[in-house]
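> dropping a prediction and its sequence here:
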Amino acid sequence: MSERTTLHTTDEICRLIATTMSRSGMRGLTETFVKLVKDGTLSPGDRLPSIRQLADYLGVSPTTIASAWSHLAQLGLLNSHGRRGSFVSETARSTPATPRWRFYEDQRTYTLDFATGVPDPRLLPNPMTSITNLGSSAITSYLDPPVYQPLAETLRSRAPQRFSDRGFSLTVVDGALDAIDRLLAAMPTYQRAVVLEEPNFPALYDLVESHGLEVRTVPIDDEGITIDVLRNQLIKGGVGLILLQPRSHNPTGYSLSLERASAFAELLLQFPEVLVVEDDHSGLLSTAPLYTMVDQLGSRVAYVMSFSKSHGPDLRLAAIFADRDLVHELDRRRTLGPSWSSKLLQAVLNHMLNDPATDELIAGAQQIYAERRIAVAELFAIDPRGSGINVWVDRSDALGALLQLAHHHIRVAPGANFYAANPAAANQFRFTLSEPTVEFNRALERVAMALAGASYASSYR
């Protein structure tokens with residue numbers, strides 16, 4: 001963008017929009033705004049006209065302006081500060097909005113939602129079947145160990161064998177984010193930096209910063225974290241933890257390759273003070289191989305296995321496999337709060353993990369998600385690489401598709417949501433392979449219809 005020493009007044013912005021618009025309505029307004037930002041006419045920090053001021057100037061309904069502003073905020077191009085007004089945001093987000101992670105409240109403006117990042121509820125096993133088959137309550141005493149013993153035995157049989165071979169301890173917590181939260185809290189006070197892949201799940205940036213820790217980002221490609229940039233971050237010093245998503249990465253769906261995992265482990269041997277957290281959030285739902293670095297790094301790895309996407313988000317359960325002393329410290333700190341995750345839910349999960357019918361359901365879900373991935377990739381004319389429940393659309397003209405979908409009240413997750421700072425985010429978005437209210441194939445047909453007038457070709461049939 002071009003540099004300026006002064007910002008536009010709201011009257012000037014009204015005139016700029018009016019003279020640039022080539023199409024009327026909400027769609028014309030959003031396209032005009034994007035053009036003015038991309039060519040540098042509008043700059044970060046420009047204060048936008050109020051909805052009423054711009055509506056009066058253009059002679060349109062305030063609802064049209066409000067709808068356009070809502071879509072632009074979703075794209076990360078506009079920030080609203082209540083009574084202070086709305087401003088052109090930093091597209092690169094060098095100073096990120098806080099918090100980055102939020103649940104959107106304007107659901108009524110969308111008829112289809114592919115931005116959720118949650119599994120299809122129709123593909124999840126029914127926990128009530130397991131509850132009715134439990135012999136008795138698992139809850140006996142406040143003094144029981146935090147992990148339901150039958151579940152501990154099952155988890156050791158379902159997790160990678162190398163963790164049991166190395167004598168790792170395990171504990172059960174309330175989901176993957178809870179696990180990461182507790183591991184961050186256990187970091188030594190003299191190590192204040194955490195390396196995160198970028199793009200990444202936005203809650204992880206917030207979580208690291210909530211502990212007063214420094215976020216250091218390293219870009220990823222379709223084989224995982226890039227080693228040269230990681231090396232530079234480690235050389236700076238102060239890094240206590242590296243948080244990796246080894247497979248079915250959110251938002252991209254990419255997985256760590258064997259070659260990249262080997263190079264990563266070789267590099268980390270030079271930095272023995274760093275803990276590597278492997279966040280296997282898709283767990284048993286993922287079809288990609290898991291390349292853990294425990295063989296090379298031993299007790300410097302903590303492995304987190306979540307069951308939210310495979311067995312149900314409301315179970316709120318994840319297992320941490322780690323060095324005995326680290327697990328002991330996590331359990332000790334937890335006694336000051338919840339002490340344990342519900343033993344009843346742990347018993348339900350144990351029953352589901354040992355139920356052949358549940359395994360069949362999960363295998364069926366894996367196949368369905370794989371088929372959906374191919375269909376979505378064909379729709380957007382991209383490579384269907386990846387696994388899990390999300391597809392990453394990365395094209396130079398992705399912003400046009402995003403605007404086209406928003407115009408038809410279809411939500412996807414803009415790429416800017418997943419970056420700490422990166423200007424390329426405007427050309428990316430995440431598409432979740434489920435829609436909460438509409439059967440997926442029917443929903444995808446509506447997406448194809450919405451894209452029919454877009455400026456890029458699609459081979460969808």
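Here it is on my side, so go on. This one's a predicted model, so the numbers in the text were calculated from it and none came from an experiment.
> for the residue positioned nearest the centre of the chain, which non-adjacent residue is spatially closest?
Centroid-nearest residue in the chain, with Cα atoms, centre = their mean: residue 201, separated by 2.9 Å. Closest residue in space to residue 201, ignoring its immediate chain neighbours: residue 250 at 4.7 Å, by Cβ to Cβ, 6 or more residues apart in numbering. Every residue, glycine included, has its C-beta placed from N, CA and C.
> now do residue 214
Closest to residue 214 by Cβ to Cβ, 6+ apart is residue 193, at 4.3 Å.
> so in this protein, which strand runs the longest?
In the chain, taking DSSP state E as the definition, the longest strand is strand 214-221.
> quick one: strands adjacent to the next helix or strand after it?
Using DSSP states H and E, the next helix or strand after strand 214-221 towards the C-terminus is strand 224-225. Taking DSSP bridges as the criterion, strand 224-225 forms sheet pairs with strand 214-221 (antiparallel).
> so what touches the strand it pairs with?
Strand 214-221 is contacted from outside by 192-200, 205, 208-209, 225-226, 229-230, 233, 236, 238-239, 249, 252, 254, 420-421, using Cβ atoms under 8 Å, 6 or more residues apart in numbering.
> and the helices in the stretch 251-400 of the chain?
For the stretch 251-400 of the chain, applying DSSP state H, counting those that start in this stretch gives helices covering 258-268, 294-297, 308-311, 324-334, 343-353, 356-380, 398-407.
> quick one: which of these is nearest residue 44?
Ranking those by proximity to residue 44 (Cβ to Cβ) places helix 398-407 first, at 17.3 Å.
> distance between the next helix or strand after the closest one and the chain's centre?
Past helix 398-407, further along toward the C-terminus, the next helix or strand under DSSP H and E is strand 410-411. Relative to its parent chain, strand 410-411 has a centroid offset of 17 Å by Cα atoms, centre = their mean, to the nearest Å.
> now swap in stretch 125-132 and tell me
Distance of stretch 125-132 from the chain centroid (Cα atoms, centre = their mean) equals 28 Å.
> can you list contacts of that stretch?
Under the criterion Cβ under 8 Å, 6+ apart, external residues in contact with stretch 125-132 comprise 311-312, 314-315, 348, 351-352, 355, 357-358, 361-362.
> got the CA coordinates for that stretch in CSV?
Once non-C-alpha atoms are left out, stretch 125-132 reads as follows in CSV (Å, rounded to 0.1, in the frame of the first residue of the first chain):
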residue,chain,number,x,y,z
PRO,A,125,-21.9,-41.8,17.7
ASN,A,126,-24.8,-41.5,20.1
PRO,A,127,-23.4,-41.4,23.7
MET,A,128,-26.8,-42.3,25.2
THR,A,129,-26.3,-45.8,23.9
SER,A,130,-23.2,-46.2,26.0
ILE,A,131,-24.7,-44.5,29.1
THR,A,132,-27.6,-47.0,29.2
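> buried only: go through the contacts of strand 214-221 for me.
Of all these considered here, the ones buried according to neighbour count by 16 or more other Cβ atoms under 10 Å are 193-200, 205, 208-209, 225-226, 229-230, 233, 239, 249, 252, 254, 420-421.
> do you have the helices of the stretch 1-150 of the chain handy? List them.
10-20, 25-38, 51-58, 62-74, 127-132, 149-158.
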